[in-house]
Structure formats: C-alpha cells, structure tokens
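Student: Attaching a predicted model along with its sequence, questions to come.
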Amino acid sequence: MNITGPPPKFYGTRDILLARRQGTQASGDAPHSIRRLGTEGVCIRIITYRIFIPWFHEVAVGQTVRWLDNHGVPYWDLCLMRDKGPVDADVYVDDGPENIERLRSARKMVIVFDNSTNRHLPDEPGGRAHSWQEAEGMIRERYYSFLDEHQCAHPSEPGRRPPWDKSTAV
C-alpha cells in the first residue's frame, strides 16, 4: 500500500539538535530519535538561520552539514531561512519563544521543546517535550495518525521501515 500524497514533514532547528541553550536535555538523544523517525518514513527537514552574519555563510552551512553528517542525522532538506512557516511542515519542534508564537499564530502544529526561555508559553496546542525521547513519541503519535488516515500500516516497531516502504536505503 502506498501513501497518497507527500510523507509527513518534521521540522527541527539546529540549535535544538546541538542543545546549545541552557536547560535543554537534547543533544545525546536527538540523533538517535531523528534517525528512528526518518527510518519509519517521516520526512526530516532541518531549518536554521545561521546565515545572518555577513560573509560567514559558507562556514555556517559547512559547520551545520558537518555536524549533521558526523552525528548521523538524516534529513531530506536543510533550509537556511529565518521564517520557518513557509516550510509548511506537519509538525514543528522548536524552543525559541518568538518562533513558537509566530508558528502558532500561523496555525502550525508546534511541539515546544522545553527550556528556561519558553516556560511562560502554554503547552497547547501541540504539547511540550522535555527530552528528545518525549518529542519522538509525540511526533510518532501524529505520524501514526497520518498513516491511519491514509490507511497505511505502521512500522512493526519504532525505528523500523513501514511495510509499504520498499526502498533499499539504510
């Protein structure tokens, strides 16, 4: 059975993956969680706005790609843009208060990745994750709902390809 339409899109910022902001517990689990979701068929899109410093673009892009590759983080797209809404993801994960508020005002589904700068924001709509394992579970729940809506089988267990995915990619 094939999915009719594009696979669901997941969005995460490079800062969340690196856990640079204090109060996050993300860095160790992020690559593993994202790898499992990608294997299950979720389209991973990484969005960063690290190109705001003039004449630093090549270095910023190189550092980002190198980090993602060195940590085995799969992704379909690497988007270098400030406004994340036009990516049109089905689920966003963000920890920046301004980004969360902007995405929510555009009626985007945002999982708040908890840190000290965003605790004043309500958890809903979308929910709040305190770790990558929590975020992974929340994303998987939404993804499985998508599969159900399209009458597609779920993967046999987390981190496995769904039975309809006949790709040979590892």
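Tutor: Nice, I can see it. Residues are numbered from 1 along each chain as shown.
Student: Helix or strand with the lowest mean pLDDT in this structure?
Tutor: Ranked by mean pLDDT, DSSP states H and E, the helix or strand of the chain with the weakest confidence is helix 14-18, at a mean of 48.
Student: got the residue ranges for the strands in the protein?
Tutor: Across the chain, reading from the start of the chain, the strands by DSSP state E fall at 9-13, 43-48, 77-80, 91-94, 110-113, 128-129.
Student: Out of these, flag the one nearest residue 137.
Tutor: Each of the strands of the chain has some distance to residue 137 by Cβ to Cβ; the shortest is strand 128-129, at 8.3 Å. Where you see a C-beta, it was placed from the backbone N, CA and C, and this is true even at glycine.
Student: Show me what the closest one is packed against.
Tutor: strand 110-113 (3 or more Cβ pairs under 8 Å, 6 or more residues apart in numbering; DSSP states H and E).
Student: What segments of the protein are helices?
Tutor: Using DSSP state H, the helices found in the chain span residues 14-18, 30-40, 57-70, 97-105, 132-149.
Student: looking only at pLDDT, what's the mean for the third one?
Tutor: This means helix 57-70. The predicted model assigns helix 57-70 a mean pLDDT of 86.
Student: and what of the longest one?
Tutor: Helix 132-149 comes out with an average pLDDT of 91.
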